[in-house]
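Chemist: Let me see the structure of the following:
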Amino acid sequence: MRPECDGMGLPAHRGASTDTCSSDCGAGDEAGDRDAVRHVASAVEIVRGFRRRQSSLPAVVTYIPPAPRPWGMPDSYTGADLFVDALDQYGVPYLFGNPGTTELPLMEALPDADIEYVLGLHEDVAVGAAAGYAQTRRYHADQEDERDVAADWGDGRINPAGVANLHVTPGLAHGIGNLYGASMTGAPLVLTAGNHELDFRHEEPILTGELEQLTEQFCKWSAEVTDVEALPMMVRRAFRVALTPPTGPVFLALPVDVMMTETDASPDPLGPIPDAGTADPRQVAAAADALVEAESPLLVVGDAVARSGIDAVEAAVDLAEASGARVHGEMLACEINFPTDHEQWISFLPPREELGAMLQNTDTIVFAGCSTNTTLLRHEGPLVPADATTIHLSDDAWEVGKNEPSDVAAVGDPGRTMAAIAERVADRLDEETRRERIGQVTAMKESMADTIESMGEDESDDPRASKAEMVDAVRAVDADPFIVDEGVTAKYAMLTRYELQPQGYLSNKGGGLGYGLPASVGAAFAEELRDEPRPVLGHIGDGSYLYYPQSIYTAVRHGVDLTVLVPDNRNYRILKDNTNLMFGGDDEDHEFVGMDFDPHVDIPKNAASHGARGHLVEEPDEIEGRVADALDSPGVDVLDVLVHD
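Modeler: The predicted structure follows:
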C-alpha cells in the first residue's frame with residue numbers, strides 16, 4: 001500500500017488522499033470512502049447505544065464533516081497554476097517526475113499547460129532523465145543562432161534546464177543518487193518536491209523530513225517556498241542559479257498549502273543568463289608568459305570546456321596549436337572537450353596513479369575546466385611534479401588551485417580565457433619552437449598508439465565479442481549517433497577506438513551506477529525537439545542497466561526513439577579489477593563475493609516487458625547489423641550483446 005494510507009482505507013492525515021492507495025487495502029474510490037464513513041458511523045452508534053443503555057441517558061449521534069480548507073476553489077488561480085505558468089513562460093517542454101499526494105496540486109494544474117508530464121517509475125529515473133535532457137539540450141541551446149538568442153525564453157529560444165518533481169521525503173531520498181550524478185556533470189537541473197502544509201508539520205505526519213538538508217550538499221541552492229507571494233521570485237531565482245556558470249542543480253520545496261493558495265501574482269521574467277565573463281587580464285598575461293617559456297607544455301581539458309559551448313572547444317584547439325601543447329582529457333571526463341581526431345590529441349588521462357603521473361610529468365601544465373582530475377583510488381605519490389608550472393583556468397573558483405598549487409589562477413569563461421591566452425601566445429612564440437613542440441607530441445602519440453589501440457582487446461578464445469569488437473562494430477555503422485555512455489569497463493574501448501566529436505557524447509562523471517540509462521532516455525526526449533534529431537545510443541553496461549531497467553518504460557510510454565546497447569559480461573567487472581588492484585593478484589586469487597550475476601537476468605525479456613524490442617546478440621558478427629537496424633527503426637530497442645572480460 002502507499003504510505004499515505006493508514007491500512008484501513010482511510011487517509012492517514014488530513015492532507016492525504018485515498019485515490020493513490022493500492023487496491024489491496026480497499027481504498028481508492030468515492031464509493032469506498034462513503035462505505036467507510038458509514039461503517040465507522042455505525043460502529044460509533046453501536047458503542048454509544050451500549051453506553052446509553054448503561055447510563056439510561058439520551059444521546060444523539062451526529063456526523064460533523066471537516067471544515068473546508070481556506071484554499072482556492074477549483075476555478076481559482078493558485079500557486080500551482082503560477083508555477084506551471086512559469087515553466088511555460090520559461091520554455092520548459094517537459095516535467096519529469098513521479099507524483100504523490102503532496103504533488104497533487106501541481107498535477108491538477110498541468111492539464112491546462114503546454115507541458116508534457118514524463119512519468120518515471122522510480123524517482124531516480126525521473127531525476128536522471130531530467131539531467132540527461134538538460135545536458136543534451138545545453139548543446140542544442142549553444143547551437144542556436146544569434147537571432148534565436150535574442151528571443152524571449154519560450155518564444156523560439158531554447159532553455160536547457162531540466163525540471164523534475166518528486167514526492168516529499170521518501171521520493172526525494174530516492175532521487176538523491178542521480179541528483180549527485182547531476183551535480184557532478186553540472187547539469188542545469190531544477191529539482192522540486194511537494195511538502196506537507198506548513199501548519200501541520202508540528203504533528204510529524206508520515207513522509208515528514210528536512211528536504212533542504214537532503215539536497216543541499218548536491219545543489220547550488222536549496223530552499224522552500226513558504227509564501228505564495230514569494231513563488232515568482234524563487235522560481236526565477238532557481239532557474240537563474242541553475243543556468244548561470246558553473247551550472248548545476250538547484251532544489252525548491254513546494255508545500256501543499258502554498259501551492260493551493262489563491263494568488264493574483266504572475267511569473268517573473270527570467271531575463272538573460274550571463275556567462276562567466278573574462279578572466280583577470282593579469283592572469284591571462286601570466287599564462288601566456290608561462291606557455292611561451294615552457295619546454296614541453298601540456299593542456300589538460302576538463303568538462304567545463306564542453307559545457308561552455310563549441311566556441312570554448314575551438315578556443316582549446318587554438319590554444320593547443322598556438323602553444324604546440326600536447327592535449328589530454330582530464331581523468332573521468334564525461335564530455336568531449338577537444339576533437340579526438342586532432343593531431344595534438346593523445347588520450348583521456350587514465351584514473352590510475354602510474355599512468356596518470358607519467359603523462360603529467362612535464363614542466364608546464366594548463367588545467368582548463370577540470371574538476372575530477374584525480375585517481376579512482378588513493379595515490380601514494382604526486383600526480384603533478386612539484387616543480388611544474390601549473391595554470392588553472394575555470395569558471396568555478398572552487399576548482400582553481402584545488403588539488404595542486406596554482407602558479408596562474410584565471411577565473412572566467414574557459415573559452416574566453418583560452419582565446420585570450422592563445423592570441424598572446426601566437427603573437428610571441430616563434431614558428432620553429434612551435435613545430436619542435438608538435439614534433440614531440442607526434443613522437444609521444446606514435447609511441448602510445450599500440451597501448452591505446454589494445455584497450456578493450458585481448459587474446460581470449462572466448463566466442464563472445466570483446467568490448468573492442470563491439471565498439472568497432474558500432475563505429476562501422478557510421479550512423480553518427482548521440483552517445484550516452486555508462487559502459488564502465490567497456491567505456492575505455494569507446495573512448496579510445498571511436499572518434500568522438502564535441503557535443504556528441506555524454507557519460508557518467510560521478511561514478512555511481514544508475515545514471516546512464518535514465519540519462520539516455522532524457523537525451524532522447526531532448527533530441528525529439530529538434531527539426532533533425534540525431535539517433536540516441538545508450539551504451540550501458542549490464543550492471544548499470546539493471547539498476548533502473550524500468551527507465552525503458554518511460555521511453556516507450558512517451559514514444560521516443562532510443563537504442564540501448566548493453567555490453568553484457570554478467571558481472572561487476574570494475575569491482576573485480578579494483579579488487580586485484582587493491583589486494584594484488586589476479587582473478588584466480590579472489591572469490592569475488594557478490595560480483596557475478598548468476599543466475600543472469602534475461603535483459604531482452606525484461607526490456608520487452610516494458611514495451612521495447614529486446615534482442616540477444618550472441619555472435620560478434622551479428623553486432624553491426626543489429627545496431628544498424630535498431631538505429632534505423634522508430635521506437636525503443638535494447639540490444640543485449642554478450643561480451644567477455
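
Chemist: right, and the secondary structure at Asp598 would be what?
Modeler: Following DSSP: H, G, I helix; E, B strand; the rest coil, Asp598 is assigned to coil.

Chemist: Which stretches in the stretch 501-645 of the chain count as strands?
Modeler: 505-507, 536-540, 562-568, 613-617, 636-642 (DSSP state E, counting those that start in this stretch).

Chemist: which outside residues touch the second one?
Modeler: For strand 536-540, the surrounding residues in contact (C-beta atoms under 8 Å, 6 or more residues apart in numbering) are 474, 481-487, 490-491, 494, 516-517, 520-521, 523-524, 527, 561-567, 627, 631. C-betas here are computed from N, CA, C, even on glycine.

Chemist: how far is that strand from where the chain is centred?
Modeler: Remark: strand 536-540 is offset 14 Å from the chain centroid, using C-alpha atoms, centre = their mean, to the nearest Å.

Chemist: neighbouring strands for it, and are they parallel or not?
Modeler: Using DSSP bridges, strand 536-540 pairs in its sheet with strand 482-486 (parallel), strand 562-568 (parallel).

Chemist: Quick one: mean pLDDT over the longest one.
Modeler: Meaning strand 562-568. On average, the pLDDT along strand 562-568 is 97.

Chemist: Could you check the angle it makes with strand 636-642?
Modeler: Angle of strand 562-568 versus strand 636-642, following axes from the mean of the first three to the mean of the last three C-alpha atoms, to 10 degrees, is 10 degrees.

Chemist: now the helices: where do they sit in the stretch 451-600 of the chain?
Modeler: Counting by DSSP state H, counting those that start in this stretch, the stretch 451-600 of the chain has these helices, from start to end: 467-477, 491-497, 516-528, 542-545, 551-557, 573-583.

Chemist: Tabulate the ones you listed (TSV), appending distance to Arg416, mean pLDDT and mean neighbour count.
Modeler: Converted to TSV, the helices of the stretch 451-600 of the chain look like this (distance: least, C-beta to C-beta, whole Å; pLDDT from 0 to 100; neighbours: other C-beta atoms under 10 Å):
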stretch	distance to Arg416	mean pLDDT	mean neighbour count
helix 467-477	34	93	22
helix 491-497	28	89	22
helix 516-528	26	98	29
helix 542-545	36	95	25
helix 551-557	37	98	24
helix 573-583	38	90	15
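
Chemist: For the residue lying closest to Gly271 once chain neighbours are set aside, give me its contacts.
Modeler: Excluding its sequence neighbours, the residue lying closest to Gly271 (C-beta to C-beta, 6 or more residues apart in numbering) is Arg240, at 7.3 Å. The neighbourhood of Arg240, defined by C-beta under 8 Å, 6+ apart, consists of Leu270, Gly271, Ile273.

Chemist: List only buried entries from those residues.
Modeler: Buried subset of the contacts of Arg240 (neighbour count, 16 or more other C-beta atoms under 10 Å): Leu270, Ile273.

Chemist: Out of the contacts of Arg240, which is nearest to Cys370?
Modeler: When the contacts of Arg240 are ranked by distance to Cys370 (C-beta to C-beta), Ile273 comes first, at 23.2 Å.

Chemist: Could you report the distance from the closest one to Ile346?
Modeler: Separation of Ile273 from Ile346 (C-beta to C-beta, to the nearest Å): 34 Å.

Chemist: before we move on, what about Gln217?
Modeler: Taken as C-beta to C-beta, the span from Gln217 to Ile346 is 35 Å.

Chemist: higher neighbour count, these two?
Modeler: Ile346 (19 against 11; other C-beta atoms under 10 Å).

Chemist: Help me confirm that the more buried one is found in a strand?
Modeler: Yes. Counting by three-state DSSP, Ile346 is found in a strand.

Chemist: Contact partners for the spatially closest residue to Ala612 that is not a sequence neighbour?
Modeler: Leaving aside its chain neighbours, Ala612 sits nearest to Val636 (4.0 Å; criterion: C-beta to C-beta, 6+ apart). By C-beta under 8 Å, 6+ apart, the contact set of Val636 is Ile552, Ala555, Val556, Val560, Asp561, Leu562, Thr563, Val564, Ala607, Gly611, Ala612, Arg613.

Chemist: Of these, keep whichever come out buried.
Modeler: By 16+ other C-beta under 10 Å, the contacts of Val636 give Ile552, Ala555, Val556, Val560, Asp561, Leu562, Thr563, Val564, Ala607, Ala612, Arg613 as buried.

Chemist: The fifth one is in contact with Pro535, isn't it?
Modeler: I take that to be Asp561. Yes. The criterion here is C-beta atoms under 8 Å, and Asp561 meets it with Pro535 at 6.6 Å.

Chemist: Identify the contacts common to the two.
Modeler: Glu527.

Chemist: Flag the shaky bits of the protein, pLDDT-wise.
Modeler: 1-74, 145-152, 154-155, 455-459 (pLDDT under 70).

Chemist: And it, split by domain according to the record?
Modeler: Following automatic domain parsing, the chain resolves into domains at 1-67, 79-260, 281-448, 467-642.

Chemist: still on that earlier bit, can I take it that the residue nearest to Gly271 is in a helix?
Modeler: Yes. Looking at Arg240 with three-state DSSP, it is inside a helix.

Chemist: distance of it from Phe83?
Modeler: In terms of C-beta to C-beta, Arg240 sits 16 Å off from Phe83.

Chemist: wait, what's in contact with Gly175?
Modeler: Glu123, Asp124, Ala126, Val127, Ala164, Leu166, Leu191.

Chemist: Which one of those is nearest to Ala320?
Modeler: Looking at these and their distance to Ala320, the nearest is Val127, at 36.0 Å (C-beta to C-beta).

Chemist: That closest one: neighbouring residues, count only.
Modeler: 36.

Chemist: Give me the buried positions along the helix or strand where it lies.
Modeler: According to DSSP states H and E, Val127 maps onto helix 123-142. Neighbour-count burial for helix 123-142 flags 123-139, 141-142 (criterion: 16+ other C-beta under 10 Å).

Chemist: Report the angle between that helix and strand 482-486.
Modeler: 140 degrees.

Chemist: could you check the angle helix 516-528 makes with helix 123-142?
Modeler: Going by the same axes, to 10 degrees, helix 123-142 makes 40 degrees with helix 516-528.

Chemist: and stretch 212-231, how far apart are its ends?
Modeler: Taking C-alpha to C-alpha, to the nearest Å, stretch 212-231 runs 17 Å from one end to the other.

Chemist: For that stretch, list every residue counted as buried.
Modeler: 212, 214-215, 218-225, 228, 230-231.

Chemist: between those residues, which is nearest Pro297?
Modeler: Lys220 (33.2 Å).

Chemist: Which residue, neighbours along the chain excluded, lies closest to that closest one?
Modeler: Gly248 (4.7 Å).

Chemist: sec struct for the one you found, please.
Modeler: coil.

Chemist: cool, and the one 4 residues further on?
Modeler: When the structure is split into helix, strand and coil by three-state DSSP, Leu252 lands in strand.

Chemist: just checking, it touches Met234?
Modeler: Yes. Counting by C-beta under 8 Å, Leu252 touches Met234, with 6.3 Å between them.

Chemist: residues shared between the contacts of these two?
Modeler: Joint contacts of Leu252 and Met234 (C-beta under 8 Å, 6+ apart) are Ala223, Val225.

Chemist: Settle it for me: which of those two has more neighbours?
Modeler: Neighbours per residue, other C-beta under 10 Å: of Leu252 and Met234, the larger number sits with Leu252, 25 against 20.
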